[in-house]
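Student: Got a predicted structure plus its sequence, pasted below:
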Number of protein chains: 2
Amino acid sequence: MDGSTFPIARSTLPEAAAERLRTLIIEGELAPGAKLNERELSERLGVSRTPLREAFRMLAADGLLVQLPNRGAQVVALSREDVRGAFEVMGALEGLAGELAVERVTDDDVADLRALQIQMEAAHASHDLPAYYRINRLIHDRLNTLAGNAVLEQTYRTLNARLHALRFRSNLNPAKWDQAVSEHRSMIEALAARDGAALRDLLVGHLRAKQQAVLDSMDNRDDKNLLGGRQP
Amino acid sequence: MDGSTFPIARSTLPEAAAERLRTLIIEGELAPGAKLNERELSERLGVSRTPLREAFRMLAADGLLVQLPNRGAQVVALSREDVRGAFEVMGALEGLAGELAVERVTDDDVADLRALQIQMEAAHASHDLPAYYRINRLIHDRLNTLAGNAVLEQTYRTLNARLHALRFRSNLNPAKWDQAVSEHRSMIEALAARDGAALRDLLVGHLRAKQQAVLDSMDNRDDKNLLGGRQP
DNA sequence: CTGTTGCATTTTGTATACAATATGCCAGAG
DNA sequence: CTCTGGCATATTGTATACAAAATGCAACAG
């Protein structure tokens, strides 16, 4: 919450287990809808069931797992509605981040972001999708940090992690990609001009486009199994 | 996440413990900053330490507790910055809720809200603060439900619970109270007119006023101890 | 008198044993 | 052949025992 304390961040076993599980889920190693057997997983991670169960509680709170009484935990399978809703909220959060960032951003920050934008365009030009996604995420994270609101940042990160479990990076058609890069350019200009309202609108629109792309890809038969087949 | 399943909601021990702790924190029985001794609490709640620790993890994820490795859990003490940040995010969320509600609201819904508004004005007229807060909360909850976005609703509720731990109901001066009631009237009119942009602006402004009131009360020497004295 | 070191006690962290519940299979009735 | 009931097995839920770490106090050195 406040981020100023540093007890050397000594990790405890439940936290470590949660972190490991989180990556397993996001990487797709644990597929959406997969049932998690406590004994098996505890052996696989080399911890006993007690800390593992605490890890489950943490991930469930993050929305990465669902826990059913006496029936264990399973990886969440996001429905179409869940994805729609999550993107709507992300849009509102990023919009707010933009408005707040404008009030605190320094010229150095803008310069940093411009540098990232150039890297991003390079990745775009060379069709390096992984690099593009990496830099894209850096930029959005940076913007959220610039907002200077710890609650916002934490909420944003949690939601983002949930969506990353979808691993929707696969298909992004060229037209939408061009569009996204261009939107990013406009965003940085709005930030440089300290135009909060414009930046907010750009971010909301940007997120809406992303949402649409993801929803489209969910309709794609090829990707449907990625979701665990729970949508009606 | 999806709310459509109903396995009779059989409560498990960690969930029950978490619920109990949640009210203890919100009612102020467990003061901000208070250290929670596992053994003592487990005896008091009549459960063993294992489910209690799972409850701790849930509440920590909700932001009601902070857990320090090898040093146990304590009730969160919100700093001024935390409160400011939480209200900013709440504003963005409610604004979104307003925009979305406009698209789904029925005339019956509007009638319900008008009825609540009348009850609220009655509570205001008779200076019944508890009733006012209760109805106020009902209205805001209703609006969030109307938005038809489960992710939004859940995020909103979690943040709201965190702020309720402040128990800031004590001081609300008459002028601000009048203002708040009047804003509510406008909000319902905007909803009835299906004017999403107006409703959004009203909600954001409404939240900003609430934020200011709470921050003012935090500066009040009388209330400072309520916060656990962690703010710089 | 002050500061530091080491020990006793308390408290948290983890593993495991036991209890309760759910799951799947098989037998038997219809 | 299908459906129901009951049993065996597997899995989750809870309590407790043991290990590790932190805290507080007291004794000692400076």
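Tutor: Everything's here; your move. Worth saying up front: this structure is predicted, and the values here are computed from it rather than measured.
Student: which stretches of chain A form helices?
Tutor: Assigned by DSSP state H, chain A shows helices spanning A:13-26, A:38-45, A:49-62, A:80-104, A:107-125, A:129-146, A:150-164, A:174-192, A:196-219, A:221-224.
Student: rank these by pLDDT, which is bottom?
Tutor: Note on the helices of chain A: helix A:221-224 shows the lowest mean pLDDT, a mean of 47.
Student: And chain A, what are its domain boundaries?
Tutor: A:13-75, A:80-227 (automatic domain parsing).
Student: Would you mind measuring the gap between the ends of the shortest one?
Tutor: Domain A:13-75 has an end-to-end distance of 20 Å (CA to CA, to the nearest Å).
Student: For stretch A:148-158, C-alpha coordinates in PDB please.
Tutor: In PDB, the C-alpha atoms belonging to stretch A:148-158 read as follows (Å, rounded to 0.1, in the frame of the first residue of the first chain):
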ATOM      1  CA  GLY A 148       1.600   8.700  -8.200                       C
ATOM      2  CA  ASN A 149      -1.300   6.700  -6.800                       C
ATOM      3  CA  ALA A 150      -0.300   3.500  -5.100                       C
ATOM      4  CA  VAL A 151      -3.900   2.200  -4.900                       C
ATOM      5  CA  LEU A 152      -4.400   2.800  -8.600                       C
ATOM      6  CA  GLU A 153      -1.100   1.100  -9.500                       C
ATOM      7  CA  GLN A 154      -1.900  -1.900  -7.400                       C
ATOM      8  CA  THR A 155      -5.400  -2.300  -8.700                       C
ATOM      9  CA  TYR A 156      -4.100  -1.900 -12.300                       C
ATOM     10  CA  ARG A 157      -1.400  -4.500 -11.800                       C
ATOM     11  CA  THR A 158      -3.800  -7.000 -10.400                       C
END
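Student: Off-centre distance for that stretch?
Tutor: Relative to its parent chain, stretch A:148-158 has a centroid offset of 12 Å by CA atoms, centre = their mean, to the nearest Å.
Student: Stretch A:189-196 now?
Tutor: Centroid separation for stretch A:189-196 versus its chain: 24 Å, with CA atoms, centre = their mean.
Student: buried residues in that stretch?
Tutor: Using 16 or more other CB atoms under 10 Å in any protein chain shown as the burial criterion, the residues of stretch A:189-196 that qualify are A:189, A:190, A:191, A:192, A:196. The C-beta positions use only the backbone N, C-alpha and C, and glycine is treated the same way.
Student: can you list contacts of it?
Tutor: Outside of stretch A:189-196, the residues within contact range by CB atoms under 8 Å, 6 or more residues apart in numbering or on different chains are A:98-99, A:101-103, A:105, A:110, A:113-114, A:143, A:198-199, A:202.
Student: ok, the residue of chain A found nearest DNA strand D - contacts?
Tutor: Using CB to the nearest atom of the strand, the closest approach of chain A to DNA strand D is made by residue A:72 at 3.0 Å. Contacts for residue A:72 (CB under 8 Å, 6+ apart) come out as A:35, A:36, A:37, A:38.
Student: Weed out the non-buried ones from those.
Tutor: residue A:36.
Student: any chance of the contacts of residue A:72 in JSON lines, plus distance to DNA strand C?
Tutor: Shown next, in JSON lines, are the contacts of residue A:72 (distance: CB to the nearest atom of the strand, whole Å):
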{"residue": "A:35", "distance to DNA strand C": "9"}
{"residue": "A:36", "distance to DNA strand C": "14"}
{"residue": "A:37", "distance to DNA strand C": "12"}
{"residue": "A:38", "distance to DNA strand C": "9"}
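Student: Which ones among the contacts of residue A:72 also lie next to DNA strand D?
Tutor: Counting by CB under 7 Å from any atom of the strand, A:35, A:36, A:37, A:38 from the contacts of residue A:72 sit close to DNA strand D.
Student: Let me know the closest of those residues to residue B:151.
Tutor: residue A:36 (22.5 Å; CB to CB).
Student: farthest residue from the center of chain A?
Tutor: residue A:70 (30.3 Å; CA atoms, centre = their mean).
Student: Against residue A:119, how distant is the nearest residue to residue A:120 once chain neighbours are set aside?
Tutor: The shortest distance from residue A:120 to any non-neighbouring residue, by CB to CB, 6 or more residues apart in numbering or on different chains, is to residue A:135 (4.4 Å). Per CB to CB, to the nearest Å, residue A:135 is found 5 Å from residue A:119.
Student: which of the buried residues of stretch A:189-196 sit farthest apart?
Tutor: Maximum distance among these (CB to CB): 13.1 Å, for A:189 and A:196.
Student: Just read off the phi/psi values of the closest residue to residue A:100 other than its chain neighbours.
Tutor: Using CB to CB, 6+ apart and skipping the chain neighbours, the partner closest in space to residue A:100 is residue A:147 (3.9 Å). Phi and psi for residue A:147, reported as degrees, to the nearest 10, are phi -60, psi -20.
Student: Surely residue A:147 touches residue A:95?
Tutor: No - Residue A:147 lies out of contact with residue A:95 (CB atoms under 8 Å); the separation is 10.6 Å.
Student: ok, residue A:95 - contacts?
Tutor: Contacts of residue A:95 (CB under 8 Å, 6+ apart): A:200, A:201, A:203, A:204, A:207, B:92.
Student: go with 6 Å
Tutor: A:200, A:203, A:204 (CB atoms under 6 Å, 6 or more residues apart in numbering or on different chains).
Student: likewise residue A:24?
Tutor: Shown in contact with residue A:24 (CB under 6 Å, 6+ apart): residue A:30.
Student: how close does it sit to residue A:30?
Tutor: Distance from residue A:24 to residue A:30, by CB to CB: 5 Å.
Student: now the buried residues of stretch A:189-196 in CSV, with distance to residue A:177?
Tutor: Output for the buried residues of stretch A:189-196, formatted as CSV (distance: CB to CB, whole Å):
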residue, distance to residue A:177
A:189, 20
A:190, 21
A:191, 22
A:192, 23
A:196, 27
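Student: In chain A, what residue comes closest to DNA strand C?
Tutor: The minimum distance from chain A to DNA strand C, using CB to the nearest atom of the strand, falls at residue A:13 (2.6 Å).
Student: what's the distance between the closest residue to residue A:50 other than its chain neighbours and residue B:13?
Tutor: Leaving aside its sequence neighbours, residue A:50 sits nearest to residue B:50 (CB to CB, 6+ apart; 6.6 Å). Counting by CB to CB, the separation of residue B:50 from residue B:13 is 9 Å.
Student: Residue A:145 now?
Tutor: Residue A:145 is 39 Å from residue B:13, by CB to CB.
Student: in chain A, which residue is closest to the centre?
Tutor: Centre-nearest of chain A using CA atoms, centre = their mean is residue A:160, 2.2 Å out.
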